[in-house]
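1. build me a model:
(2 chains)
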Amino acid sequence: MEKRKFKIRHHVARKLIEHAREQERHVTPEELDDLWKRVEEQVFIEKRKNSRRRILYDTMALSAAVIFFCMFWLGKQFIAYYADDDSIVDFAQYTQAEEATNKDIRLLIPGKKEVEVKETDANIIYSQNGTVVVNSDTITQRETQEKEREFNQLIIPKGKRTRLTLADGTRLWANSGTRVVYPGHFEKNRREIYVEGEVYLDVFRNEDAPFIVRTKDFQIQVLGTSFNVSAYPSEGVSSVVLVEGSVNVKNQQKEQVILAPGQLVDIETGRLHSPRNVDVEPYVCWVKNMLMYVDEPLDKVFRKLNLYYGKEFILESGVAELQVSGKLDLKEKLEDVLHTISFSAPIYCEEIEGRIFVRKKIDMNHL
Amino acid sequence: MQYTLYQNMKDVALWNLVLKGDMKAMSLLYKKHYELLLNFGLKYTSDEEFVKDCIQDVFVKLCTSKRLSSTEYVRSYLLTSLKNVISDKLSSMRLTEDLNEHCFELKIEDTALESLFKGNDEELQLSKKLVDAYKSLPENQRMAIYLRYVKGLSYKEMAAVLNINPQSSMNLVSRALTNLRSKMILDEYLLFIILFFS
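-> Below you'll find the model as predicted:
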């Protein structure tokens, strides 16, 4: 009985499993080949999609890299334009102590012997091939590997003047009692010099490298233009006069003005005044060794003469306030210049022990 | 020559070729296991085209994937992949419907039983009881019995499909059998079946 039951149940279970197996769907080899072809086609499409996506991703990554690089580069440019890298100012102020009461024009190039020029006028040319010519004498062959951060220094005492051509082609006239600090070789995207005293600049135009003139209290940024900077530490008021082009004058408080040609801005103890329109000639004619005055008090004139000729003037009472107008040719001897002044102002001069005393003429008609 | 060589290869060897990017090995695995996959998929839905699409998706993914892992149980790997694709597709297609719709089901119609055991009422009654008992088992036990007895997968392969360890898969089957036994008092026959088919 048990055996029979077992047999029947086994038979049923087996039949059920067989039935289940028979119910299973079969696929012919031909159908399988077709199905596999569909897979292959889809794989091909997917792979192409992926590679397109890859190209897209690669392009995106590349674009991102390019954008990043551009931003980095722009940032660098931005810093070059606007961030104040004070190394040249630091250098100028650090080396200030070196300044001796020398009577000669001195040119200091790092690693070279100091060059002294006895003449009243010096003409210094830095050429792009690395030579420095002083009054037609090649005095040094700069190493091409010279570091950009190595600053040259030009010191012009009272009574002397220098024409300096920088490596970028910018021409600079340095007036008496002036110190100019500049790199022997400019950076690609930034040209920067430091000035103490008075210079007239004819900046060689280079849109990629702004030219920046730093002084103790302010800086001037230009692209290519001609302008005069007067920044004597001994004078309370500095000024920038623009002849042509456009300049941006900025003080340490980041206040700034933009000058149009024919405009002058005074900088008094670091504060910018409003620009005013002027006749530029009197401000720049010193380049041509001229002095031009329109209703100028005599003490100012004699301060200039002190610079140009290196002579000390002692103004007696009543002289300083006298106003003069006219032109002085500074190529002439001092005696002749003084003579010219005495035509337009009631003064006379007397030299006593190297110092010149300026006295008021007694007007006979008023006695 | 090459082809016959391929055909004699075991699944694992073929899979290793697949891992190296061998499409021929992939096509062989595809053709070898297509019926298994199709029938397994049909236990979730009667829509044959849908299951075929799912199988296609599985293989397209395998062919385009760059990070295939090695496996000892290729059949299980394929079944698991198909199971995942089917449940993903079904749940995204029929969000509103009851999830139980997607359960593993081995359908055996009463009419089929009647023709199968025609003229033997005792056997017919027995088979109906057995089928009812089978249908009342939990899903994973039903799947285990199907894979084990209808498809002849090993315990290890079953374990891989059900994502349990091999010992658990043995326990699962014996639990399924115990359940059937308690429902059917059919222990000795199923025990026989186990011996018969293992």
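
2. spit out the contact partners of residue 25.
-> Went with chain A since none was named. With contact set as Cβ atoms under 8 Å, 6 or more residues apart in numbering or on different chains, A:R25 has these partners: B:35, B:38-39, B:42, B:48. (C-beta placed from N, C-alpha, C; glycine too.)

3. the intended chain is chain B.
-> B:A25 sits in contact with B:6, B:9, B:14-15, B:17-18, where contact means Cβ under 8 Å, 6+ apart.

4. and those, which two are the farthest apart?
-> Of all pairs drawn from the contacts of B:A25, the greatest distance, 12.4 Å, lies between B:Y6 and B:W15 (Cβ to Cβ).

5. so for these two, which sits in the more crowded spot?
-> B:W15 (24 against 16; other Cβ atoms under 10 Å in any protein chain shown).

6. B:V12 versus the residue nearest to the more buried one when sequence neighbours are not counted, what's the distance?
-> In space, not counting the residues next to it along the chain, B:W15 is nearest to B:V74; the distance is 4.8 Å by Cβ to Cβ, 6 or more residues apart in numbering or on different chains. Spatial separation of B:V74 from B:V12 under the definition Cβ to Cβ, to the nearest Å is 7 Å.

7. compare neighbour counts for those two and give me the winner.
-> Remark: of B:V74 and B:V12, B:V74 carries more neighbours, 22 against 12, as counted by other Cβ under 10 Å.

8. can I get the contacts of A:R25 in JSON lines including pLDDT?
-> Written out in JSON lines, the entries for the contacts of A:R25 read as follows (pLDDT from 0 to 100):
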{"residue": "B:E35", "pLDDT": "91"}
{"residue": "B:L38", "pLDDT": "92"}
{"residue": "B:N39", "pLDDT": "92"}
{"residue": "B:L42", "pLDDT": "89"}
{"residue": "B:E48", "pLDDT": "88"}
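
9. make a PyMOL selection of the buried ones in those.
-> Buried members of these, defined by 16 or more other Cβ atoms under 10 Å in any protein chain shown, are picked up in PyMOL with:
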select buried, chain B and resi 38+39+42
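
10. near chain A too, which of the contacts of A:R25?
-> Among those, the residues that sit close to chain A (Cβ under 8 Å from any Cβ of the partner chain) are B:35, B:38-39, B:42, B:48.

11. any chance of a markdown table for these, columns distance to A:S230 and secondary structure?
-> Converted to a markdown table, the ones next to chain A among the contacts of A:R25 look like this (distance: Cβ to Cβ, whole Å; DSSP: H, G, I helix; E, B strand; the rest coil):
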| residue | distance to A:S230 | secondary structure |
| --- | --- | --- |
| B:E35 | 99 | helix |
| B:L38 | 96 | helix |
| B:N39 | 99 | helix |
| B:L42 | 98 | helix |
| B:E48 | 96 | helix |
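
12. surely A:Y348 touches A:K361?
-> Yes - counting by Cβ atoms under 8 Å, a contact exists between A:Y348 and A:K361, whose distance comes to 5.5 Å.

13. between those two, who's got more neighbours?
-> A:Y348 (15 against 11).

14. could you pick out which of the contacts of B:A25 are located in helices?
-> Using DSSP state H, the members of the contacts of B:A25 that fall in helices are B:6, B:14-15, B:17-18.

15. and these, which is closest to chain A?
-> Sorting these by how near they are to chain A, with Cβ to the nearest Cβ, puts B:V18 at the top with 12.6 Å.

16. the closest one: what's it in contact with?
-> With contact set as Cβ under 8 Å, 6+ apart, B:V18 has these partners: B:25-26, B:29, B:62, B:68.

17. equivalent analysis for B:M9, please.
-> Residues near B:M9 by Cβ under 8 Å, 6+ apart: B:17, B:25, B:28.

18. mind checking pLDDT for it?
-> Model confidence at B:M9, expressed as pLDDT, equals 78.

19. and if you look at A:Y200?
-> A:Y200 is assigned a pLDDT of 92 by the prediction.

20. kindly report the same for B:F40.
-> What the model reports for B:F40 is a pLDDT of 92.

21. just checking, it touches B:L79?
-> Yes - taking contacts as Cβ under 8 Å, B:F40 lies within contact range of B:L79: 5.7 Å.

22. mind listing the shared neighbours of the two?
-> Joint contacts of B:F40 and B:L79 (Cβ under 8 Å, 6+ apart) are B:L147.

23. now do the SS call for the residue in the stretch 251-367 of chain A positioned nearest to chain B.
-> When distances are taken as Cβ to the nearest Cβ, the stretch 251-367 of chain A approaches chain B most closely through A:K254, which lies 55.7 Å from it. Look at A:K254: counting by DSSP: H, G, I helix; E, B strand; the rest coil, its state is coil.

24. tally of neighbours for it?
-> When counting by other Cβ under 10 Å, one arrives at 8 neighbours for A:K254.

25. surely A:N277 and A:G262 touch.
-> Yes - using Cβ under 8 Å, A:N277 is in contact with A:G262, at 5.6 Å.

26. who has more neighbours out of these two?
-> When neighbours are counted by other Cβ under 10 Å, A:G262 comes out ahead of the other of A:N277 and A:G262, with 15 against 10.
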